[in-house]
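Visitor: Structure for the following, please:
(one chain, ligands or ions: 3)
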Amino acid sequence: MQDQTLPGILLSELRAQPPLVHCITNFVAMNIAANVLLAAGASPAMVHAEEEAGEFAAIAGALTINIGTLSSSWLRGMEAAALAASQSGKPWVLDPVAHYATLFRRAAVDRLLELGPTVIRGNASEIIALAGGESRGQGVDSRDEVEQAEESARLLARTHGATVAVTGVVDFVTDGERTARIEGGSPLMPQVTALGCSLTCLVGAFTAIRPAAPFEATVAALATFAVAGEMAASRADGPGSFSPAFLDALAALDAPLLDRHARVRSA
Ligand SMILES: Nc1ncnc2c1ncn2[C@@H]1O[C@H](COP(=O)(O)OP(=O)(O)OP(=O)(O)O)[C@@H](O)[C@H]1O
Ligand SMILES: Cc1ncsc1CCO
Ligand SMILES: [Mg+2]
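Guide: Ligands and ions are numbered 1, 2, ... in the order given. From the prediction side, this is the model:
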């Protein structure tokens, strides 16, 4: 029998004690992200109103913030939630969707970064731009390779004391010192909208399980996604059938399957 790996152990713990994950995500992602969390075994709550987001963040196991469909009122809710999470020692994850596209988004992300995210998860174009580099991103879609974003990720991790995850063909995670690469997934994944946003919420779920080890939690979430993506692709005919196959694969995934199929290279 193969030894248990950390991703497998964390997935088992998540299933045994489902964390409440407070997600402030975008209109596109809300439904699929909630279903992804349920399939993985976590309890999602999509709560964005400025009147209650701060209060809710204090009772959740982790918070995730995604600026995909931003407004001024949502931004106030995000800031209140991030502040409450930080003050109550809860991990929180930032997904800076297309922050390079407009002044409003850039200013929003600058303010959120000041509140100290535990993890930053984005595609290569988002991570390059966040570190001040020239990104080729178009709207919410990446046009850069993960390899080109690795130095940006390291710089961001050190500057903000955060774990940074860059996703794409092979994912890259760093806390500024350690790095990991996660292989797997499928080329169908970027053809289904909001899977990256859903992954951000799953990273939140895993950080709720190991708040003191965000690097390991992030790697575990990405490995879970990569293995489920690979299993789903073997059954799907295209992006339409991939979506339900992905939820089924995620729900069917258990620790032994994850241990056997996860391809994580650490350095
Ligand atoms: N070409 C690919 N091959 C394998 N897996 C991929 C590929 N592209 C993306 N993925 C996987 O898809 C998931 C989402 O990552 P992606 O980088 O597409 O996020 P994103 O651009 O933020 O998505 P969105 O904005 O649509 O939510 C990750 O698990 C990533 O590993
Ligand atoms: C398509 C889209 N537009 C704003 S957010 C979003 C989901 C993918 O990031
Ligand atoms: Mg995205």
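Visitor: what mean pLDDT does the helix or strand harbouring F104 have?
Guide: According to DSSP states H and E, F104 maps onto helix 103-114. Averaged across helix 103-114, pLDDT comes to 98.
Visitor: which secondary structure elements does the helix or strand that that helix is followed by contact?
Guide: Along the chain past helix 103-114, the next helix or strand (assigned with DSSP H and E) turns out to be strand 119-123. Using 3 or more Cβ pairs under 8 Å, 6 or more residues apart in numbering; DSSP states H and E as the contact test, the elements touching strand 119-123 are strand 92-95, helix 124-130, strand 163-167, helix 195-209, helix 214-233. Where C-beta positions appear, they are placed from N, C-alpha and C, glycine not excepted.
Visitor: hmm, who's touching strand 119-123?
Guide: Strand 119-123 is contacted by residues 91-97, 127, 130, 137, 141-142, 144, 156, 160, 162-168, 196, 199-200, 203, 207, 214, 217-218 when judged by Cβ atoms under 8 Å, 6 or more residues apart in numbering.
Visitor: what's the answer for stretch 93-101, then?
Guide: 25-26, 62-68, 105-106, 108-109, 112-113, 117-122, 125-126, 129-130, 135, 137, 139-140, 196-197, 200-201, 203-204, 207.
Visitor: Please indicate which of those residues are buried?
Guide: Buried by 16 or more other Cβ atoms under 10 Å: 25-26, 62-68, 105, 108-109, 112-113, 117-122, 125-126, 129-130, 135, 137, 140, 196-197, 200-201, 203-204, 207, out of those.
Visitor: and the stretch 51-200 of the chain, which residues reach ligand 3?
Guide: Residues of the stretch 51-200 of the chain lying near ligand 3 by Cβ under 5 Å from the ion: 97, 196.
Visitor: Buried residues in stretch 223-242, which are they?
Guide: 223-233, 236, 242.
Visitor: any bit of that stretch sitting next to ligand 1?
Guide: Yes. Using Cβ under 6 Å from any ligand atom, we find that stretch 223-242 touches ligand 1 at 225-226, 229.
Visitor: Can you tell me which of those is nearest E151?
Guide: Proximity of the residues of stretch 223-242 next to ligand 1 to E151 was ranked by Cβ to Cβ; the top entry is A226 with 22.7 Å.
Visitor: Look up the closest residue to the closest one, ignoring the ones flanking it.
Guide: Nearest non-adjacent residue to A226, counting by Cβ to Cβ, 6 or more residues apart in numbering: G184, 2.9 Å away.
Visitor: How about Q191?
Guide: Spatially, and ignoring its direct neighbours in sequence, Q191 is nearest to P239 (4.2 Å; Cβ to Cβ, 6+ apart).
Visitor: how many other residues sit next to E151?
Guide: The burial count assigned to E151 is 14, neighbours taken as other Cβ atoms under 10 Å.
Visitor: ok, and what's touching stretch 103-114?
Guide: Residues from elsewhere that reach stretch 103-114, judged by Cβ under 8 Å, 6+ apart: 65, 67, 70, 75, 78-79, 82, 94, 96-100, 130, 160.
Visitor: Dump that stretch to PDB, restricted to CA.
Guide: Output of stretch 103-114 as PDB, limited to C-alpha atoms (Å, rounded to 0.1, in the frame of the first residue of the first chain):
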ATOM      1  CA  LEU A 103      -8.100  51.600 -12.700                       C
ATOM      2  CA  PHE A 104     -10.900  50.600 -10.400                       C
ATOM      3  CA  ARG A 105      -9.700  47.000 -10.200                       C
ATOM      4  CA  ARG A 106      -6.100  48.000  -9.700                       C
ATOM      5  CA  ALA A 107      -7.000  50.300  -6.800                       C
ATOM      6  CA  ALA A 108      -9.300  47.700  -5.300                       C
ATOM      7  CA  VAL A 109      -6.500  45.100  -5.400                       C
ATOM      8  CA  ASP A 110      -4.000  47.500  -3.900                       C
ATOM      9  CA  ARG A 111      -6.400  48.100  -0.900                       C
ATOM     10  CA  LEU A 112      -7.000  44.400  -0.500                       C
ATOM     11  CA  LEU A 113      -3.300  43.600  -0.600                       C
ATOM     12  CA  GLU A 114      -2.800  46.000   2.300                       C
END
